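Trainee: coordinates only, sequence not included:
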């Protein structure tokens, strides 16, 4: 088969056709990104722009890293209102654009941000009207976005993924209200949870609107704000609660975003993320709502929610991104373990297209570079179509 460009490779796969080889993507924290750049012999800056959402500490890999690793999809995103993701307050704590208070916790090679205060834990419906919500119309949100997207489209071969939303609906509600409180609301405070979800829906839609107006014509995939719906073993709510209380907001958000996107790019795809064991009833609802691509396909979950099960059940209607294990293989395995998993995952997921290989969650700095490199080397070796 004739060699494709990265963009052709990704678009062919997302069209459920087989490209020349399985495409690949990269998703990592800023600490991991610095480690990767150092090991690739590239310049490492002291600071990098805030990623897709402030609290994730993501960073969008630049084109030199994507090229050296042999990946095919490059991510870009809007910026936080005001251009600053966190404000430091007394005691070294950090407040994000939503008013959620966190502390930095160090671990091997990096850090993560642990929530210490949920600002809406004791709020009422009336309090939501006066809360200082982030402003998607702030000029800093799209500063330089159109120029960056246009430059990438003109000067690189990569497919482009854009994330505009900076919080989400159910996900951001958990951080604002608190995990314990939000689940109580499902049972005892449905008026409040619907009011909160509706407010977060409007903000999500506005972030997507301004981002797509700036850069929609240059990008191939729009990733919605991440929305974790499950643990490794079970979903966070029953299928009936998901269908009645959560799914309608996703449906409106997906439909609104896809309508705007298709005015700029009629073939653009909508990507949705959830961690955990998102079982069969949830996937059906998300598909009906308009999801085209699902990430990041965790491996250490119950059988019905593993990547191979998703491919078997939904592979004709849905594309997948991810599925290389970040819980054991990448951090604790050897390069040969990584190669074996890549080969196995390609065998399970790549037939007929519809698969972009990547880590099953963010790459973190405790993952040996040799394992990261092995993942991208293996997809080039084992990912050539036809898959044998």
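Mentor: Right, received. Where do you want to start? Every value quoted in this text rests on a predicted model; they were computed, and no experiment measured them.

Trainee: So residue 105 lies in a strand, does it not?
Mentor: Yes. Under DSSP: H, G, I helix; E, B strand; the rest coil, residue 105 sits within a strand.

Trainee: Residue 112 - that's part of a strand, no?
Mentor: Yes. When three-state DSSP is applied, residue 112 is found to be in a strand.

Trainee: Over to the residue in the chain sticking out farthest from the centre. Which of the three states is it?
Mentor: Using C-alpha atoms, centre = their mean, the residue of the chain lying farthest from its centre is residue 126. It sits 32.1 Å away. With three-state DSSP as the basis, residue 126 sits in helix.

Trainee: Number of residues surrounding residue 267?
Mentor: 10 (other C-beta atoms under 10 Å). Every C-beta, even on glycine, is put in place using the N, C-alpha and C of the backbone.

Trainee: Once you drop chain neighbours, what's closest to residue 43?
Mentor: residue 37 (7.1 Å; C-beta to C-beta, 6 or more residues apart in numbering).

Trainee: and what of residue 190?
Mentor: Distances taken as C-beta to C-beta, 6+ apart put residue 245 closest to residue 190, at 7.2 Å, once the chain neighbours are dropped.

Trainee: wait, isn't that neighbour in contact with residue 194?
Mentor: Yes. Applying C-beta atoms under 8 Å, one finds residue 245 in contact with residue 194, separated by 7.3 Å.

Trainee: quick one: which of those two has more around it?
Mentor: When residue 245 and residue 194 are compared for neighbours, residue 245 comes out ahead with 18 against 15, by other C-beta under 10 Å.

Trainee: Look at the more buried one and tell me its secondary structure.
Mentor: Classified using three-state DSSP, residue 245 is helix.

Trainee: thought residue 218 was touching residue 155?
Mentor: No. With contact defined as C-beta under 8 Å, residue 218 does not reach residue 155; the gap is 11.5 Å.

Trainee: Comparing the two, which shows the higher neighbour count?
Mentor: Using other C-beta under 10 Å, the more surrounded residue of residue 218 and residue 155 is residue 218, with 20 against 9.

Trainee: Return the residues in contact with the more buried one.
Mentor: The contact partners of residue 218, taken as C-beta atoms under 8 Å, 6 or more residues apart in numbering, are 146, 149-150, 152-153, 160.

Trainee: now those residues as JSON lines including secondary structure, distance to residue 238 and neighbour count?
Mentor: Listed next are the contacts of residue 218 as JSON lines, based on DSSP: H, G, I helix; E, B strand; the rest coil; distance: C-beta to C-beta, whole Å; neighbours: other C-beta atoms under 10 Å:
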{"residue": "146", "secondary structure": "helix", "distance to residue 238": "43", "neighbour count": "16"}
{"residue": "149", "secondary structure": "helix", "distance to residue 238": "40", "neighbour count": "21"}
{"residue": "150", "secondary structure": "helix", "distance to residue 238": "45", "neighbour count": "14"}
{"residue": "152", "secondary structure": "helix", "distance to residue 238": "42", "neighbour count": "20"}
{"residue": "153", "secondary structure": "helix", "distance to residue 238": "43", "neighbour count": "17"}
{"residue": "160", "secondary structure": "strand", "distance to residue 238": "37", "neighbour count": "21"}
